[in-house]
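S.K.: The sequence and its predicted three-dimensional model are supplied below.
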Amino acid sequence: MVVHTRRHYNYIFVLAVLLFISATSSPALVHVKADDESKSNAAGSKEKGVSYDSRSLLINGKRELIFSGSIHYPRAQAENWGDLIRKSKLGGLNCIQTYVFWNIHEPVKGQYNFSGNRDVVSFIKKIGELGMWATLRIGPFIQAEWNHGGLPYWLKEERGIIFRTDNPVFKQYMAQWVSKVVNMMKDNKLYASQGGPIILSQIENEYDHIRAAFKKAGDRYIRWAGDFALSLGTGVPWLMCKQKNAPGQVINACNGRHCADTFNGPNAPTKPKLWTENWTAQYRIFGDSPSSRPVEDMAYSVAHWFAKNGSHVNYYMYYGGTNYGRTAAAFVTTRYYDDAPLDEFGLVREPKWGHLRDLHYALALSRRALLWGRYKTEDHSAQLQSMVYEKPEQGICAAFLKNSDSHVAHTIKFRGKDYFLPKKSITILPDCQTIVFNTDQIVSQHSARYFTKPEVTNKNLKWEMTTETIPKEGSYYHRKPVEQYAMAKDASDYLWYTTSIELDILDMPTRSWHTPVVEVLALGHSMLVFVNGEFFGTRHGTKRSYSYTFTLPIKLKEGVNALAFLGTTVGLPDSGAYQEHRYTGLRSVIVKGLATGDLDLSFNGFHHKIGLDGENLQYFTEEGAKKAKWGPPNKGQGPPLAWYKAYFDAPEGNNPVAIFVENMTKGVVWVNGNSIGRYWSSFFTEYNKPSQSEYHIPRSFLKAKDNFLVIFDEAGGFIESVEIRVADRDTICGFIGENYPANVKSWKRDKKEIMEITEDPKPKVHLYCPDNKAIKAVEHAAFGGPWGTCGFYMNDNCTMLVNKVVQELCMGRTSCKVPVDRKLLMRDQKVDPCPNLNPKHLAIQVKCS
C-alpha cells in the first residue's frame, strides 16, 4: 500500500503569505498545502493567480482537475476558433493549450505580424470569453512539426549563434522574444493572476532529446531558461516538458502515450504531475500509410494517469487542423493530426470525442476524492489492481479497477463485490461502488466521414494552363552548387541550378543503344532534371533520409547542352541539436556513358535562381495571373511545371470544403490568393496510394461565386481529375453490449453521494445528428453478434435484424435512444438463433440529413 499525506499549514499563515505576495511588484508563485477541501476553497476566496503543490494546481487557491486539449491558432482560421473551442468544452475540456509560433510573428527581423489567424492575443481572449483556461507554450523552440521548429529563418544567420545552448547570441534573441510575448499577455491582462485565462506557461520544449549533445553547456542553458522565465513575474507556474531536471520552481512534465507507465514523476516533492502531450494520433509525413490510435487506448492511459496521482492531462492534438502555405516541417503532410477528437475540418470524430467526454465526466464525479483523498493501491493478481482515493472521515472515496491483461477479461473482487473487467481496461467507481465508466466499453456514438462531389460546383470548373520557363541564368553564379537553405533563405521551396556542357562528336556514345545517364547526389528533399528543355524525371528523399543519389537516362547532342536541376524543399527541419547547421539541395552531378569517360560537373559553374516565375509574379492572384499567357490544358497527362487556373462557385450549405488532387503529382494549391498548403500525391505509401488526397479549403477563403483556384503541379498531373468536394459526418452509429455500463450521464453527484438521474440505468445506444439534422434512414440495425466499424458493419449467423424497432424510435428525430433490451429488440423474433451467445451486442447505423 502506498499512502500519500500532506502537511497542514495554519490558515492565518496562508493569508499572511498572500498579503505579502499581493504587496510585491511582480506576482510570484504561492505554494499552498491544503489537506481538505474547506481549506483549499478558503484560500481561493482570497488568492488570485495559480499556485501548486504535490497534488495539483491551485487556481485562485482552489484545487482543480485539468482536462486540456491542444488547438494551434495558425492551424485554424480565426473565424473558426470559437466553434473549435466550444466543441472542446462540450467534450469535457476546461483548458486549451497552444504554442506561440515565433516565425510567423517575426518572419523578418524586427518586423512583427499579429494579424488574422496569427492574432494570438485574440485567440487567448476567445478562450477566456468561452469560460476556459489556457496554457501558453512560448518555447521559443516548439518543434510541433512546424517549419524550423517555430524559429525564424533569419535567426539561423545571426553571427556566432548556436541554437538552444549556453550561447549568448541565442539567449539574447530568446529573451527578447519571450519577454515580448509575456508583456503582450500582461498588457491584455491575460494571466490568471490578472483575472485572465492563462494558468500555465512553458519555456523550452523537450530538451532531454538534445541535452547530451551540449553536455554542461546544455545544463547551464536550462538553468538560465528556467530562472529567466520565473523572473518575468507572470503569477502562474512555468513548466518544461520532457526535461527531467526542470530547475527551481519550474515543473517538469511528461509527453507520450502512456505517461502513467513512463514518467518518473516530478523532480521535487512539491510539484504536481502534469501531462503536457497525450498524443491522440501519430502525425503524418508524406509516404506514411494511414494510422490511428484507438480511443480505448487513450481512455485507458488517461484513467491510469489520474489513478496514479495525475491531476492534469493535455491531448496533443485535440484539433490538429491544417499546415497552410509553407508552414509544415520537412516532409510533414498538410493535414495535421486528422485523427484527433476534432478532425481537420473541425467535425466531431466519434467515438474518440464522445468516449473521452464520458471519461472526463466520470473523473469529475470522482473529483473530491481525487483531490483530497488519501491514496492506496492493492495488487489482486499479476494483472489486476485497485487504486483508491479515500477519506472516510469526510465520506469520500473513488476507485479505479485495472486489468492490465491485453488479451483476456477478468473478474476482480473489490470490497466484497465482483466486478467484470474487459481486457486492458480500467473501470471507474466514483463512490467505490457504482460502475459509471469502463475504458474499453464505448457507449458514446460512432461516426464515419464521407466526401461527396457537388455536381454544380464541379460542372463549372473550366481549366486553363501555362508553364514555367526554364531559366538559362540566375541571380547568382558560383563554381559549385550552393547549399539551398542558405541560398533561398526560406523565401521559396524552389531553387534552380543551371549549367551547360559542350560536347563534340568524339564525346558522343558510339552505339545507338548506349544512352548517357546523369548521376545526381542531392541532400534533399526532391529534384527535377531537365536537359535542353526536356524533362527527364524527378526523385526524392524521405523524412528518415533526406539525402539520396539517383541516375536518369538523358539525351545529349553535339554542341552546347543545357542542364537544369530544380531543387525543392518540403519544409525546414524542426528538431535536433545544431539545427542551425542543416543542409539541402544539389551536391554533385556526374554525366556517365560518354565515349570519353565520365564527366564530373560538380565544379562546372552553376547559375542559381530562387523561386518560380509564377511565384514571383503571383500567378495565384487574379492580378498576377494577367502576366502569363494561358491556354487550354493538355488532354490526359499534363506537362511538368504547369500552372492551372479555374473559377468555381462555393458549394451550397455549410459542410466543410476540400479539393481532391490524388491524380496530380506534387505542388501547391491557392484559393483566392490563399495557399491551402503543399500536396504530394505522387509520393505513394506501401498501399500504392498518396498519404493525403483531399486538402481543406476553409469556407472563410470562399465567396459565393467566382472563386479563383490556382494549382502549380511539378511533374505532370491529370488536371481533369481534380474535384471540389464537401465533407460530412452524417453517418452515425452505435455499438453496445448488454454488459456495458449505462451512459455516464445517468449519474450525478449530490454532495457525498452518487445519485441515479434515471431509474434503473441500463446500456442504451444514444444517437444524435450533427448541426440539428434529422435521421432520414436506418441503414443497419442488428442484435446478437454483429461486428465491424461504423460504415462497415457485418452480420453473422447469430444476428437478428431490428430495423423496425430502430425506425420507430429514431426516424425523423435529431436524436434518439435505443435500449439494449432483449424484450424490446427481440419482440418480432420467433426464435433466438444463438441462445447461448452472451452477452449480445446491438449495432445501429443511421444517416442524417
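M.R.: Nice, I can see it. Since the model is a prediction, treat every value here as computed from it, not as a measurement.
S.K.: Angles on the backbone of the residue nearest to Glu723 when sequence neighbours are not counted, please.
M.R.: Counting by CB to CB, 6 or more residues apart in numbering, Glu723 lies nearest to Phe660, which is 4.3 Å off, once chain neighbours are set aside. In this view, the C-beta of every residue, glycine as well, is placed from N, C-alpha and C. Reported as degrees, to the nearest 10, the phi and psi values for Phe660 are phi -100, psi 120.
S.K.: Phe660: how many residues sit nearby?
M.R.: 18 (other CB atoms under 10 Å).
S.K.: Repeat that for Thr467.
M.R.: 16.
S.K.: What does the pLDDT read for it?
M.R.: With respect to pLDDT, Thr467 has a value of 98.
S.K.: who's in contact with it?
M.R.: Pro639, Pro640, Leu641, Ala642, Trp643 (CB atoms under 8 Å, 6 or more residues apart in numbering).
S.K.: distance of the first one from Leu65?
M.R.: Which is Pro639. For Pro639, the distance to Leu65 equals 59 Å [CB to CB, to the nearest Å].
S.K.: Looking at these two, which is more packed in?
M.R.: Leu65 (19 against 15).
S.K.: does that one really touch Ala369, like I thought?
M.R.: No: using CB atoms under 8 Å, Leu65 makes no contact with Ala369, being 11.1 Å away.
S.K.: Name the strands paired with the lengthiest strand in the chain and say parallel or antiparallel.
M.R.: Secondary structure assigned by DSSP state E gives strand 723-737 as the longest strand of the chain. Under the criterion DSSP bridges, strand 723-737 sits next to strand 446-452 (antiparallel), strand 657-660 (antiparallel), strand 841-848 (antiparallel) in its sheet.
S.K.: got a pLDDT number for Asn460?
M.R.: 84.
S.K.: and it, what does it touch?
M.R.: Tyr647, Phe648, Asp649.
S.K.: Give me the subset of these that lies in strands.
M.R.: Short answer: the contacts of Asn460 in strands (DSSP E) are Tyr647, Phe648.
S.K.: got any ranges where the chain has weak pLDDT?
M.R.: 1-46 (pLDDT under 70).
S.K.: Work out for me the element Val313 sits within.
M.R.: strand 312-319 (DSSP states H and E).
S.K.: Show me where the stretch 251-400 of the chain has its helices.
M.R.: 259-262, 295-307, 352-365, 367-372 (DSSP state H, counting those that start in this stretch).
S.K.: okay, now His407: neighbour count?
M.R.: 7.
S.K.: which one is it nearest to, not counting chain neighbours?
M.R.: Lys423 (5.9 Å).
S.K.: what do you get for Lys705?
M.R.: Asp649 (5.1 Å).
S.K.: any idea how far the one you found is from Thr510?
M.R.: For Asp649, the distance to Thr510 - CB to CB - is 61 Å.
S.K.: Identify the residues contacting Ile711.
M.R.: Trp643, Tyr644, Lys645, Val661, Met664, Gly667, Val668, Val669, Trp670, Ile719, Val722.
S.K.: Three-state assignment for it, please.
M.R.: Following DSSP: H, G, I helix; E, B strand; the rest coil, we place Ile711 in the strand state.
S.K.: Show me the beta-bridge partners of it.
M.R.: Tyr644, Val669.
S.K.: list the buried ones in stretch 833-848?
M.R.: Lys840, His841, Leu842, Ala843, Ile844, Gln845, Val846, Lys847, Cys848 (16 or more other CB atoms under 10 Å).
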